[in-house]
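**Q** 3D model of this:
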Amino acid sequence: MSTIGPITAEYIPLYLRIGELSPAERDTADLLVAHEEALRDFARAEVDGDPARSLEPITALAQYGLSHSGRPPRALAGRIGLMPS
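**A** Numbers count the residues shown, from 1 in each chain. The predicted structure is shown next:
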């Protein structure tokens, strides 16, 4: 679990850049960022010994769905209080 954070830290900037370079792909890129953030927050909670909370970011992402426009990471963070990056 401790290796997930550094891996997501590599991918989040890449997906953000895709959204910046291609506005047509922004919603998809934002969802990929949200996915990486959810994985990161899940792993942090597990490593911190908080399994009761670890699935919250994954569940929130699943409930978020593919049809939303906007920036999922911020929307999700505000909705369930995800851990800061």
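
**Q** Got the phi and psi for Asp48?
**A** Main-chain dihedrals, Asp48, degrees, to the nearest 10: phi -80, psi 0.

**Q** show me where the chain has strands.
**A** Taking DSSP state E, the chain contains no strands at all.

**Q** low-scoring stretches of the protein, by residue?
**A** Residue ranges of the chain with pLDDT under 70: 64-85.

**Q** what about the closest residue to Val47 other than its chain neighbours, how many neighbours?
**A** In this structure, Val47 finds its nearest non-sequential neighbour in Met1, 5.1 Å apart by C-beta to C-beta, 6 or more residues apart in numbering. Yep, even glycine has a C-beta here, placed from its N, CA and C like the rest. By the measure other C-beta atoms under 10 Å, the count of residues near Met1 is 12.

**Q** Distance-wise, check Met1 relative to Asp50.
**A** Met1 is 12 Å from Asp50, where distance means C-beta to C-beta, to the nearest Å.

**Q** so what's the residue nearest to Val47 up against?
**A** Met1 makes contact with 43, 46-47, according to C-beta atoms under 8 Å, 6 or more residues apart in numbering.
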